[in-house]
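1. Give me a model of this one.
(2 chains, ligands or ions: 1)
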Amino acid sequence: MGKRTIVPFGPQHPALPEPIHLDLELEDEKVIRAIPSIGYVHRGLEKLVEKRDYEQMTYVMERVCGICSFGHSYGYTSAVEGLMGVDVPERANYLRIMFHELSRVHSHLLWLGLLADGLGFDSLFMHCWRIREKVLDVFEAITGARVIMSFCKVGGVRKDVSPDMLRMVRNVCDDVEEEVRKTSGVFMKDSSIRNRLCGTGILTREDVLDLNAVGPVARGSGVENDARTAEPMYRNLGFEAVLRDEGDCWARCIVRVDEIFQSLDLIRTAIDTIPSGEFCAVVKGPVPEGDYTFRVEQPRGEGFYYVQGNGTKNLSRARVRTPTNINIPAMVKALQGCDLQDVSMLVITIDPCISCTER
Amino acid sequence: MSYSTKSPWILHYDASSCNGCDIEVLACLTPLYDLERFGIINTGDPKQADLLLITGAVNDQNKGVVKQLYEQMPEPKVVVAVGICACSGGVFRECYNILGGIDTVIPVDVYVPGCAARPESIIDGVVKGLEVLENKLNKMREGTL
Ligand code: SF4
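-> This is a model prediction of the structure:
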């Protein structure tokens, strides 16, 4: 038995775009235990509800995270609408789904790029991010912004999308699909990638259930955990969760690749069946007393939104439980027994979003 | 133009940003914007960096890290604050855990506005930062810095 050494990892680390700190307890080259510590990105934005009214809060919530920013505004506004009893127009719902799925496509592409970067495959990283720019161009054409879009508002969406624009989005979807087919083949077939991903960081079905992992991490281990299955809107569009059974890094990667194709299909179906009409309901008055919760399937897993009203324009509580927060125990479990060289890659396969976690 | 302004290396640190500015900084390095054509490389090592790109505001937990990174960088060095969070605290300035912009702990040379800052303006900020770097280098040679 070798001597135990503790190696610090992060908060500033070349493989990590975001600060998280891990103390890795090593025996020779094997990780025995990983102890995470967070708090580098904590802002405390949930407490801003006391200073911002419920509409302004949408734009604060959007900044929980810049990657799934649309999902956060979607979850928050839906919770507020539920509390206020607002009837959201059908068209707005379709537009929201379109944007939410586009965000998923860009987030997964971003992740594939980071994984390639983590594996030292630089040109693949560049290709993934190049394809992702096409999605950002759509965002920019419709909302004027690339990452923080402020498209959602309480009652619906901020502006309508013209039929021409919708056609453009559909074309971009076709284009992206073709490109992703070419690029994702590398993740599926390249032997050096498979060597590193297959069989590493295994999380069994039981682990996932015990540790309550969510999102692609859970689905990569065969657990059907997807908030979208419960949503009538998605059921109408013919949604079914993507599942894999292997539970290793490769499975998590393939789940995300398949989800890109699925999201593109959902967007196209949504565009083909979008009803005409209003895009935003009129919302007036203070938020009534009471509380409401709403679940959204973010690119990284289930996000849970809770709002509590007190009869004024300010909410008394707005809370969000984010996917990475819940996936950290699963990550620590997957790190146990892995090689030191695999640590950064394993951390990446959870797709950690630290700014979500800490808010 | 000297060697370091011809091919400056960047160190990027996320102080407490929402990721929005972060991914835009990364997007600058990818094919559409391609900062590397100016010889700019993103490094993870403060000892090799000329420019420090910081996104997000500082809080109690990370102010030590920011200071440390800055101190580890060799002279001459330039700090670019990317996004309104890094400039002043931005959307989060009234949050209880936010101390303020980056300039509350280390001196900032270039401020890049925007929420999120657009890649074009980040590149602009970096190019401005290079001028500052050149000036500092000249001053160092004259012995006035
Ligand atoms: S400036 Fe805006 S986009 Fe950038 S980190 Fe701050 S909140 Fe996020």
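
2. Chain B against chain A: which residues are in contact?
-> Within chain B, the positions near chain A by C-beta under 8 Å from any C-beta of the partner chain are B:13-24, B:26-27, B:30-32, B:43-46, B:56-57, B:59, B:61-62, B:65, B:69, B:91-92, B:94-98, B:115-116, B:118-119. No exception for glycine: its C-beta is placed from N, CA and C like everyone else's.

3. Only whichever of these are buried, select them in ChimeraX.
-> Here is the ChimeraX command that selects the buried residues among the residues of chain B next to chain A (16 or more other C-beta atoms under 10 Å in any protein chain shown):
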select /B:13,14,15,16,17,18,19,20,21,22,23,24,26,27,30,43,46,56,57,59,61,62,65,69,91,92,95,97,98,115,116,118,119
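
4. just checking, which of the residues of chain B next to chain A belong to strands?
-> B:13-14, B:43 (DSSP state E).

5. low pLDDT regions in chain B?
-> B:1-5, B:145 (pLDDT under 70).

6. What parts of it come near the ligand?
-> B:17-18, B:20-21, B:55-56, B:83-85, B:90-91, B:115-116 (C-beta under 6 Å from any ligand atom).

7. Among the residues you listed, which one lies nearest to chain A?
-> Among the residues of chain B next to the ligand, residue B:20 lies closest to chain A (C-beta to the nearest C-beta), at 2.6 Å.

8. residues contacting the closest one?
-> Neighbouring residues of residue B:20 by C-beta atoms under 8 Å, 6 or more residues apart in numbering or on different chains: A:63, A:66-67, A:69, A:147-148, B:83, B:115-116.

9. residue ranges for the strands of the stretch 151-300 of chain A, please.
-> A:152-153, A:156-157, A:290-298 (DSSP state E, counting those that start in this stretch).

10. And the contacts of the second one?
-> Taking contacts as C-beta under 8 Å, 6+ apart, the residues outside strand A:156-157 that touch it are A:88-89, A:91-92, A:95-96, A:99, A:151, A:278-281.

11. In the stretch 251-359 of chain A, what residue comes closest to chain B?
-> Chain B sits closest to residue A:355 of the stretch 251-359 of chain A, with a gap of 4.8 Å, by C-beta to the nearest C-beta.

12. out of the strands of the stretch 151-300 of chain A, nearest to residue A:105?
-> strand A:290-298 (13.1 Å; C-beta to C-beta).

13. So in that sheet, which strands flank the closest one, and in what orientation?
-> strand A:301-309 (antiparallel) (DSSP bridges).

14. Longest helix in chain B, please.
-> helix B:119-142 (DSSP state H).

15. Give me every residue in chain A lying close to chain B.
-> Proximity of chain A to chain B, by C-beta under 8 Å from any C-beta, involves residues A:11-15, A:17-19, A:39-45, A:47-48, A:51, A:59-60, A:63-67, A:69, A:110, A:113, A:125-126, A:129-130, A:133, A:136, A:145-148, A:353, A:355.

16. Just give the nearest non-adjacent residue to residue B:15, would you?
-> Distances taken as C-beta to C-beta, 6 or more residues apart in numbering or on different chains place residue B:56 nearest to residue B:15, at 3.9 Å, with adjacent residues excluded.

17. and the one you found, what does it touch?
-> A:41, B:14-18, B:21, B:83, B:85-86.

18. For it, give its distance to residue B:17.
-> 3 Å (C-beta to C-beta, to the nearest Å).

19. now the longest helix of chain B, how far from the centre of its chain.
-> The chain centre lies 11 Å from the centre of helix B:119-142; the measure is C-alpha atoms, centre = their mean, to the nearest Å.

20. buried stuff in that helix?
-> Neighbour counts over helix B:119-142 (16+ other C-beta under 10 Å) mark B:119, B:121-123, B:125-126, B:128-130, B:132-134, B:136-137 as buried.

21. quick one: residue A:314 and residue A:56 touch, right?
-> No - counting by C-beta atoms under 8 Å, residue A:314 sits too far from residue A:56 to count as a contact (9.5 Å).

22. which of these two has more neighbours?
-> residue A:314 (19 against 14; other C-beta atoms under 10 Å in any protein chain shown).

23. Find the residue closest to the more buried one in space, skipping its chain neighbours.
-> residue A:53 (5.5 Å).

24. Output the contacting helices and strands for the longest helix along chain A.
-> For chain A, the helix reaching the highest residue count under DSSP H is reported as helix A:90-118. The criterion is 3 or more C-beta pairs under 8 Å, 6 or more residues apart in numbering or on different chains; DSSP states H and E, and the helices and strands that helix A:90-118 contacts are helix A:69-84, helix A:122-143, strand A:156-157, helix A:163-189, helix A:232-236, helix A:249-273, helix A:343-349.

25. ok and the fourth one relative to helix A:90-118, angle-wise?
-> Right, the one you point to is helix A:163-189. Relative orientation of helix A:163-189 versus helix A:90-118 (axes from the mean of the first three to the mean of the last three C-alpha atoms, to 10 degrees): 30 degrees.

26. before we move on, back to that, would you mind measuring from the residue nearest to residue A:314 to residue B:28?
-> 35 Å.

27. what does residue B:42 give?
-> 9 Å.

28. The two: which is more packed in?
-> Using other C-beta under 10 Å as the criterion, residue B:42 and residue B:28 rank with residue B:28 on top: 26 against 17.

29. Wait, the more buried one touches residue B:35, no?
-> Yes - if you go by C-beta under 8 Å, residue B:28 and residue B:35 touch, sitting 4.8 Å apart.

30. if we can go back for a sec, against which helices or strands is the longest helix of chain B packed?
-> Helix B:119-142 packs on helix B:3-6, helix B:20-29, strand B:51-55, strand B:78-82, strand B:110-112, going by 3+ C-beta pairs under 8 Å, 6+ apart.
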